[in-house]
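In: Starting from these lines, generate the structure:
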Amino acid sequence: MSVTDFFMNLPEVEKPIKKVSLNNKLMWTGIVLVLYFVMSVLPLYGLSKNYVSQFESLSILLAASFGSVITLGIGPLVTGSIMLQLLTGAGIVKIDMHSSEGKKKYQGLQKLFSIFFVIFENGIYVVSGALPTAYPSTFLEILLILQLTLGGLILMLLDEVSSKWGVGSGISLFIAAGVSREIVVKGFSPIFSMDAPIGAIPQIIYFLSKGETYKIMTPFLSILATIIIFIMAIYFSGVQVNIPLSFGKVRGFGIKWPIKWFYTSNIPVILTAALMASIQFWAVTLSGFGIDILGKFEVRNELGKQVKVPISGIAYWIHNPSLTAVFQNGFNPTALIALLFYAGFMIIGAIIFAYLWLNVGKASPSDVADQILSSGLSIPGFRRDKRILEKVLERYIVPLTILGGFTVGVLALVADLLGALSRGTGILLSVMIIYQFYEQIQKAHMEEMSPLIGKILG
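Out: So this is what the prediction gives:
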């Protein structure tokens, strides 16, 4: 059996034979979401009731739910993707991404890497004691690993179902769902924690009714920050550069080929956040073995939950900062250095992953040139030659990729600093994801949208 045959025989969700209608796509998307939410509240059998939540700030970006069967969320899946990108980018793994066989090999390798990291990371997490068993037992440890592995593999298959039968990427869908749920809880929940409601709006009403007007500033700023992030994300998602194209066989008729400012969409931020999560994961795991080379942690009480928070090392430097927390705790040199390190990591990481995604995401100048030529189009004033077209496209695509990666990194940084209802990066990603889903639906199902909207509006 050849390598390609092996990859072709890996378990996968079957592709639809014909075009899936919008109603069916929405149905499958709904099913995937329901299953995801069920898994996020499905507790691990054999887990100690005294467990401490880890890297809470990053869990929202990984669609993770600590203590459930998807404790690590999409973390292992994205880690596998990052590792493969780095290996192919460094030339260690050589795959021709322009051939159909090469693309199949890459997809197969990506799935293999994902399966490996689902088993490996969940196994290490349990063995390190980050997920303690109800009582010392090797059997319970194995049982926890099996539950977590099964949850991770189901999540991987749900991602495929959403990508092939739903409105878009399952990973993106899970992130948007998790962030949306947190915004609803932190924005509107009337449930009390400590001495005030959890939700920002109930908090404002509660403090006003008690005459404690000086306390409404923090929840008010959280709501304002959320609105600002929404506006910024929507604005930049619509910015694009149009390249004029003409039909070779139809003189005088042309169209514009749009290249978005966020050329690689939300991928750079997802991968950068996943890299941060991986570092936090290994910091927590090694700390469980008594090795603190990546950072030390302390347990704090946040909203009634015991949470491990980094206090030193690289785990501390990449822990998302908040201007509110900085002002409350005092602005010291250590906080400033941590803020600058986090800013550099987020922005540089977004630029690097944006550039790496060009070839992996079938969005390189060569791939776009093939799409344009196969459509019978060309750039006015240039011969219909792929090499010439590729050179012209490079002038637009490469700078826009770098600038787009830089912009999305800066926006994610600003969003995190503002301290919104959910993690700022999560809100930014969610808006971009929902906007992207809307564009995909509009492009593929324009004729079905009007009747559907009419039914919704009555």
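
In: Sketch out the low-pLDDT regions of the stretch 151-300 of the chain for me.
Out: 247-254 (pLDDT under 70).

In: helix or strand for residue 12, which one?
Out: Here residue 12 sits in a region with no helix or strand, counting by DSSP states H and E.

In: On the pLDDT front, check it for me.
Out: pLDDT, residue 12: 77.

In: Now for it: which residues touch it?
Out: Going by C-beta atoms under 8 Å, 6 or more residues apart in numbering, residue 12 touches 111, 160. C-beta coordinates here come from the backbone N, C-alpha and C atoms, glycine included.

In: buried stuff in the helix ranked longest in the chain?
Out: If you go by DSSP state H, the chain has its longest helix at helix 386-418. Across helix 386-418, burial judged by 16 or more other C-beta atoms under 10 Å covers 389-390, 393, 396-397, 400-402, 404-409, 411-418.

In: So what's the gap between the helix or strand just after that helix and the chain middle?
Out: Going down the chain from helix 386-418, the next helix or strand is helix 424-444, by DSSP H and E. The chain centre lies 12 Å from the centre of helix 424-444; the measure is C-alpha atoms, centre = their mean, to the nearest Å.

In: what sits against the spatially closest residue to residue 199 that is not a sequence neighbour?
Out: Excluding the flanking residues, the one nearest residue 199 by C-beta to C-beta, 6 or more residues apart in numbering is residue 189, at 4.0 Å. The contact partners of residue 189, by C-beta under 8 Å, 6+ apart, come to 197-199, 202.

In: hang on, the earlier thing: what's the longest helix of the chain packed up against?
Out: helix 217-237, strand 240-247, strand 254-260, helix 267-288, helix 333-360, helix 365-374, helix 424-444 (3 or more C-beta pairs under 8 Å, 6 or more residues apart in numbering; DSSP states H and E).

In: Now do the first one and helix 424-444, the angle between them.
Out: It stands for helix 217-237. Angle between the axes of helix 217-237 and helix 424-444 is 40 degrees (criterion: axes from the mean of the first three to the mean of the last three C-alpha atoms, to 10 degrees).

In: Can you list the buried residues in helix 217-237?
Out: Buried residues in helix 217-237 (16+ other C-beta under 10 Å): 219, 221-223, 225-226, 228-230, 232-233, 236-237.

In: same deal with the fifth one?
Out: Using 16+ other C-beta under 10 Å as the test for burial, helix 333-360 gives 338-339, 342-343, 345-347, 349-360.

In: I figured residue 314 hits residue 282, correct?
Out: No - judged on C-beta atoms under 8 Å, residue 314 makes no contact with residue 282 at a distance of 9.8 Å.

In: and for the two, which residues touch both?
Out: Contacts common to residue 314 and residue 282, judged by C-beta under 8 Å, 6+ apart, are residue 294.

In: and residue 222, what does it touch?
Out: Residue 222 sits next to 186, 200, 419-421 when contact means C-beta under 8 Å, 6+ apart.

In: so which of those residues is the most crowded?
Out: Neighbour counts for the contacts of residue 222 (other C-beta atoms under 10 Å) peak at residue 420, which has 28 neighbours.

In: so who does the closest residue to residue 116 other than its chain neighbours touch?
Out: Residue nearest to residue 116 in three dimensions, not counting chain neighbours: residue 80, with 6.8 Å by C-beta to C-beta, 6+ apart. Shown in contact with residue 80 (C-beta under 8 Å, 6+ apart): 110, 113-117.

In: With secondary structure, pLDDT and neighbour count as extra columns, can I get these in CSV?
Out: Below are the contacts of residue 80 laid out as CSV (DSSP: H, G, I helix; E, B strand; the rest coil; pLDDT from 0 to 100; neighbours: other C-beta atoms under 10 Å):
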residue, secondary structure, pLDDT, neighbour count
110, helix, 86, 18
113, helix, 89, 19
114, helix, 90, 24
115, helix, 91, 19
116, helix, 92, 14
117, helix, 91, 22
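
In: Any chance of those in a markdown table with distance to residue 376 as columns?
Out: Below are the contacts of residue 80 laid out as a markdown table (distance: C-beta to C-beta, whole Å):
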| residue | distance to residue 376 |
| --- | --- |
| 110 | 33 |
| 113 | 38 |
| 114 | 38 |
| 115 | 41 |
| 116 | 43 |
| 117 | 43 |
